[in-house]
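Engineer: show me the folded form of this:
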Amino acid sequence: MYQVQRKNRIVEQLQLVYPNGNVAYTLDVDINVDRTGGQIDHAYELVGIARNAIMKDPNSDEAALSYAQTVIALFTAIFGEDNCDKLLTFYEAKNKSQKEAAGIATEMLVDLFPFINNEIIPKVREASAERKKQLLEMAKAVNK
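Structural biologist: Model (predicted):
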């Protein structure tokens, strides 16, 4: 019997904790790298570009809005819409002005960056590289 096991999934948990130590939410992070790996990498790069734009012109409402939107797009790609909504609730980010939203996006990104940069991004890149290798090997086998 031939068995197929699904691969390229990243499964993690992240707890959002209030200053008093109470857990507000436990987020289940379940990423299918084949489906969202490219989206996560792209959103991650866009956050850097938007951050540079807001640093260049900190008084620009357009740059502030773009920055907040790219951070939310990154969080949505990684955590999914429901968990992103919980993040926004936890950080009291709903219904804020563009300037406030940019500040909250910065707070969220600073808090979540170690998890994203040290846990998620390396695993996404590793799984993507492994899948690319598998696809190349498959292409070689087909072209024999």
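Engineer: return the residues in contact with the residue nearest to residue 131 when sequence neighbours are not counted.
Structural biologist: Computed as C-beta to C-beta, 6 or more residues apart in numbering, the closest residue to residue 131 that is not its neighbour in sequence is residue 8, at 5.7 Å. (Glycine included, C-beta is placed from N, CA and C.) By C-beta atoms under 8 Å, 6 or more residues apart in numbering, the contact list for residue 8 reads 32-34, 37, 127-128, 130-131.
Engineer: quick one, strands of the protein?
Structural biologist: Applying DSSP state E to the chain gives strands spanning 9-17, 23-32.
Engineer: as TSV, these with distance to residue 75 and mean pLDDT would be great.
Structural biologist: Converted to TSV, those look like this (distance: least, C-beta to C-beta, whole Å; pLDDT from 0 to 100):
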stretch	distance to residue 75	mean pLDDT
strand 9-17	11	93
strand 23-32	10	94
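Engineer: where does the protein have low pLDDT?
Structural biologist: Nowhere does the chain drop to pLDDT under 70.
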